[in-house]
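J.: I'll drop the sequence and a predicted model, then ask my questions.
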Amino acid sequence: MRSLQVFVRKMSQSPVPAGIQQLSALRLKYHERKDAFLEENIKIKNPFCLFREWMELALSTQEILEPNAAALATVDAEGKPSNRFVLVKEATAQGFTFFTNYGSRKADEIACNPNVAIAIYWLPLRRSIRIEGVAEKIPESDSLKYFHQRPRASQIGAAASPQSQRIPSRDYLDAVEADIKKKIGPEGEVPLPNWGGYLVRPNLIEFWQGQTDRLHDRIRFRRGSGVENEVDDKLVHLGDDGWVYERLAP
């Protein structure tokens, strides 16, 4: 616990009082009121455009090592949720793409219920993006093309790993990997395993910016059948390309 306490002390804006829970004293400074995230700051009222703007800033922020890291939430057939981190590999006007083993737990749960949620958090920027939508497999040709763009070691690793399945030991994985390398040789093409991409088509994208006074900014975009009927120019506003947007209390 010593290293955790030191970490908390560094992040705290005030000395950690003795004799209390260390985590309860964690206070991180966010944005000031003058830097609030306002609707007029959004030039194009389309969440994909705003996502690209925020992502470009994250990509240029040196402290953010993996700006495309995202927590993906799925739900199984019994309604029990699970969560894990994936890497968003493409963001277009169609949606957000990530890749995984089609035999993994996340893939099994998507097959039962394609409704998923994604959360991205960039600590140095004090910004987060939440995405809700429906996941669908991308064409196999697109998965194959991306698969062979990956480093060769990553291709072999994907072929060797029966993701989310029980295995007897780490040595088992090493043996499977060695067997694949022996079969295909140093120059042979790695065959596409049961692996590929999912496109998440969003119906909700929320942008969050942390404020030091805890009156955080939350602007949510939604689209879908009938959302335009909710527009009243007070709470719900008409955006671009079929989206509506609204501000939420923190």
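T.: That came through, no problem.
J.: by contact count, what packs against the longest helix along the chain?
T.: Ordering each helix of the chain by length in residues (DSSP state H) puts helix 170-184 first. When contacts are defined as 3 or more CB pairs under 8 Å, 6 or more residues apart in numbering; DSSP states H and E, helix 170-184 packs onto helix 152-160. All C-beta atoms are positioned from the backbone trio N, CA, C, and that covers glycine.
J.: list the contacts of the helix it packs on.
T.: By CB atoms under 8 Å, 6 or more residues apart in numbering, the residues outside helix 152-160 that reach it are 101, 147-148, 150, 173, 176-177, 180-181, 190-191, 193, 195.
J.: let's go with 10 Å and repeat that
T.: The contact list for helix 152-160 (CB atoms under 10 Å, 6 or more residues apart in numbering) reads 99-101, 147-151, 172-181, 184, 186-187, 189-195.
J.: hang on, the earlier thing: can you name the next helix or strand after the longest helix of the chain?
T.: Remark: after helix 170-184, the chain's next helix or strand is strand 195-209, criterion DSSP states H and E.
J.: how far off centre is that next one?
T.: 8 Å (CA atoms, centre = their mean, to the nearest Å).
J.: following that strand in sequence, what is the next regular element?
T.: strand 217-222.
J.: specify the local secondary structure of the spatially most central residue of the chain.
T.: With distances taken as CA atoms, centre = their mean, residue 70 lies nearest the centre of the chain, 2.1 Å away. Taken by DSSP: H, G, I helix; E, B strand; the rest coil, the conformation at residue 70 corresponds to strand.
J.: what bridges to it?
T.: For residue 70, the beta-bridge partners under DSSP bridges are residue 86.
J.: need the helices for this protein, in chain order.
T.: Counting by DSSP H, the helices of the chain are 2-11, 47-59, 105-112, 140-147, 152-160, 170-184.
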